[in-house]
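S.K.: got a predicted model here, sequence first, then my questions.
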Amino acid sequence: RGPFGDVIVNWTVANAAVDVSPTEGAVLFRENDTMATFTLYSIPDDIPEGNETFTVALAIYGEGRLAADDTEAQLTILQNDDPIAFMMSLVTTNEGDSLAIRVVRNGQAVDTATVSYVLSLQSATSDDVTLISSEEVIFTAGLREADILLNITDDDIPELAERLTIELVNTTGDAVIVSPSTVTIEITENDDPYGVFLFNVTSLNVMEITGINE
């Protein structure tokens, strides 16, 4: 209202040190000024969060006074950083199986997001598995589940249990990787790795040994 003189109006954002910057400051009203602005920034992180609301309050020290109302404003940072993870951390399978390893996205899922992954053979070999999917999982807007597809080779080679892993490594869009970010796939032992035991003949005729009298 009154436009006379210079007035400094201070402002603070309560309990927002890790989410908003800056959290305090001041604006200067020169004589005849009726409006001033200041800028707040949300601090980016990789933490899945729901809506967060903070109170911005005004204060005057010196000339001038605050209005009875409208000296506080609410700042809301919308839900962000949709978490992406595997549905499970261990999958047990057999030779000849086809697998669909489920990756899930929680949160709002309103935009497209992608996640890349790396397949590591561990004790398995490249002959044991065939990757069917591309090396990037795409979540279109609204999509919350997607699969990584692979086939386990069926061969006649005796093998002990073997392991391979798939690890989520990078995202694009409003998404972050959370635990479990690695799934271990265990191929059970197969093709009789300890051998098959049997008689080499199944019928044998023998004569009784006659005792010798002296």
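M.R.: Right, received. Where do you want to start?
S.K.: going by C-alpha atoms from here, please, whenever you check contacts or count neighbours.
M.R.: Noted.
S.K.: got phi/psi on the residue most central in space within the chain?
M.R.: Centroid-nearest residue in the chain, with CA atoms, centre = their mean: residue 177, separated by 2.4 Å. Residue 177 adopts backbone torsions of phi -90, psi 130, taken as degrees, to the nearest 10.
S.K.: with residue 147 instead?
M.R.: When read as degrees, to the nearest 10, the backbone of residue 147 gives phi -120, psi 150.
S.K.: about what we covered before: ok, how many other residues are close to the nearest residue to the residue nearest to the centre of the chain once chain neighbours are set aside?
M.R.: In this structure, residue 177 finds its nearest non-sequential neighbour in residue 84, 4.9 Å apart by CA to CA, 6 or more residues apart in numbering. By the measure other CA atoms under 10 Å, the count of residues near residue 84 is 26.
S.K.: contacting residues for the residue nearest to the centre of the chain?
M.R.: Residues in contact with residue 177 (CA atoms under 8 Å, 6 or more residues apart in numbering) are 83, 84, 85, 168, 169, 170, 171.
S.K.: the last one against residue 116, yeah?
M.R.: What it means is residue 171. Yes - counting by CA atoms under 8 Å, residue 171 touches residue 116, with 6.4 Å between them.
S.K.: quick one, which of the two is more surrounded?
M.R.: Taking residue 171 and residue 116 together and counting by other CA under 10 Å, residue 171 has the greater number of neighbours (18 against 15).
S.K.: may I have the beta-bridge partners of residue 114?
M.R.: Residues in a beta bridge with residue 114, per DSSP bridges, are residue 138, residue 172.
S.K.: show me the contacts for it.
M.R.: Residue 114 sits next to 136, 137, 138, 139, 171, 172, 173 when contact means CA under 8 Å, 6+ apart.
S.K.: just send those back as TSV, with distance to residue 97 and pLDDT too.
M.R.: Converted to TSV, the contacts of residue 114 look like this (distance: CA to CA, whole Å; pLDDT from 0 to 100):
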residue	distance to residue 97	pLDDT
136	22	95
137	21	97
138	24	96
139	25	96
171	29	95
172	31	93
173	33	91
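S.K.: narrow these to those that are buried.
M.R.: Neighbour counting over the contacts of residue 114 (16 or more other CA atoms under 10 Å) leaves 136, 137, 138, 139, 171 as the buried ones.
S.K.: can you pick out the most distant pair from those?
M.R.: Greatest spatial distance among the buried ones among the contacts of residue 114 (CA to CA): 139 and 171, at 10.6 Å.
S.K.: shared neighbours of those two, which are they?
M.R.: With CA under 8 Å, 6+ apart as the test, residue 139 and residue 171 both reach 113, 114.
S.K.: let me see the contact set for the closest residue to residue 113 other than its chain neighbours.
M.R.: Excluding its sequence neighbours, the residue lying closest to residue 113 (CA to CA, 6+ apart) is residue 173, at 4.5 Å. The contact partners of residue 173, by CA under 8 Å, 6+ apart, come to 111, 112, 113, 114.
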